[in-house]
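Colleague: return atomic coordinates for the entry below.
(chains A and B)
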There are 2 protein chains.
Amino acid sequence: MVDILHRIGVTASPGDVYSALTRVEDLAGWWTEDTTGDGDAGGVLQFRFEPGGFDMKVVDVRAPELVHWEVVDGPEEWIGTQVRFRLSREDGYTIVLFSHEGWQEPVEFMYHCSTKWATFLMSLKKLVETGEGDPAPRDVKISNWH
Amino acid sequence: MVDILHRIGVTASPGDVYSALTRVEDLAGWWTEDTTGDGDAGGVLQFRFEPGGFDMKVVDVRAPELVHWEVVDGPEEWIGTQVRFRLSREDGYTIVLFSHEGWQEPVEFMYHCSTKWATFLMSLKKLVETGEGDPAPRDVKISNWH
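Modeller: Modelled structure (predicted):
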């Protein structure tokens, strides 16, 4: 099994980042505008994009340090994988350690998702630092796979 | 051992991307302005950043489809790791499959490097598509680790 890992640091507070990872209207500000559902523990979040989307069960949330989702619907390669955001404080920055764990194989789609996660995390950074992110459908395009 | 994987697609030709991965002046246009050395097979490239840098031995180059480097000097976690760029053509795009393979452990520095590679690959995309990238020291800052 292989994992996607990323690290960003933002000047916003852990509370603001935690909010951006749990409140539907904030999630819609950096990942995809078409976000619905419930970001609290036990809830399910629906993220929709032009070609499809993902349903995430909220496995665990601990304000303001952890958000843990499990993919319960979406592309076959994603089902059962785990997404974690771990927040901490360092040098005046809120550090986000991101992981998307449990891919069965390093398929080409995983290469794509790794880069795409990075650009969405930069969108999260922009949202919490400036008030405006780049969620789908106006997200940063990285290739023919968007 | 764990790997960093990314995929981008660019509208430039494979030849232009291959050039941007092998010619010192082109490498200086997307990764770091302070690039010296020899990008041909058997050569060594020196990439320098404010806090330090990397020396890459050019293990293999096959125009216009493969560039393979081995890290021969730099941070301890990087030494002996392998960097590969595999180029192909799809839907009118040149696809770059990037890997930075052979990390001993998924240390926090690897999380950082994964995100940083994504932003540098977007800089490569920008260079070959527009003629201007975002190399260090004017690279996209992602955290307190720059």
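
Colleague: do you know how far A:Phe120 is from chain B?
Modeller: From A:Phe120 across to chain B, the span is 10 Å (Cβ to the nearest Cβ, to the nearest Å). For glycine as for every other residue, the C-beta is placed from the backbone atoms N, C-alpha and C.

Colleague: my bad, A:Pro14
Modeller: When Cβ to the nearest Cβ is applied, the distance between A:Pro14 and chain B equals 14 Å.

Colleague: what do you get for A:Asp55?
Modeller: Taken as Cβ to the nearest Cβ, the span from A:Asp55 to chain B is 24 Å.

Colleague: may I ask which helix or strand encompasses that residue?
Modeller: strand A:52-62 (DSSP states H and E).

Colleague: and the following helix or strand past that strand, what does it pack onto?
Modeller: Per DSSP H and E, the first helix or strand lying C-terminal to strand A:52-62 is strand A:66-73. Where contact means 3 or more Cβ pairs under 8 Å, 6 or more residues apart in numbering or on different chains; DSSP states H and E, strand A:66-73 is packed against helix A:14-22, strand A:52-62, strand A:82-90.

Colleague: could I get the average pLDDT for the second one?
Modeller: If I follow you right, that is strand A:52-62. Within the predicted structure, the mean pLDDT of strand A:52-62 is 97.

Colleague: mind listing the strands it pairs with, and their directions?
Modeller: Strand pairing for strand A:52-62, determined by DSSP bridges: strand A:44-49 (antiparallel), strand A:66-73 (antiparallel).

Colleague: contacts for it?
Modeller: Strand A:52-62 has contacts (Cβ atoms under 8 Å, 6 or more residues apart in numbering or on different chains) with A:22, A:32, A:34, A:37-47, A:66-75, A:78, A:82-83.

Colleague: select only the buried ones of the residues you listed in ChimeraX?
Modeller: Filtering the contacts of strand A:52-62 down to the buried ones (16 or more other Cβ atoms under 10 Å in any protein chain shown) takes a single ChimeraX command:
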select /A:22,32,37,39,44,45,46,47,67,68,69,70,71,74,78,83
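
Colleague: and A:Met122, how many residues sit next to it?
Modeller: Using other Cβ atoms under 10 Å in any protein chain shown, A:Met122 has 23 neighbouring residues.

Colleague: to clarify, my last question referred to A:Gly131.
Modeller: For A:Gly131, the count of nearby residues is 8 (other Cβ under 10 Å).

Colleague: what do you get for the one 5 residues further on?
Modeller: Other residues lying near A:Ala136 total 23 when counted by other Cβ under 10 Å.

Colleague: interface residues of chain A facing chain B?
Modeller: Within reach of chain B by Cβ under 8 Å from any Cβ of the partner chain, chain A has these residues: A:2-10, A:90-93, A:95, A:97-99, A:106, A:108, A:110-112, A:114-115, A:118-119, A:121-122, A:125, A:140, A:142-145.

Colleague: so which of those residues belong to helices?
Modeller: Applying DSSP state H to the residues of chain A next to chain B, the entries found in helices are A:Glu108, A:Met110, A:Tyr111, A:His112, A:Ser114, A:Thr115, A:Ala118, A:Thr119, A:Leu121, A:Met122, A:Lys125.

Colleague: farthest-separated two in those residues?
Modeller: Across those, no pair lies farther apart than A:Glu108 and A:Lys125, at 26.6 Å, counting by Cβ to Cβ.

Colleague: who has more neighbours out of these two?
Modeller: A:Lys125 (25 against 12).
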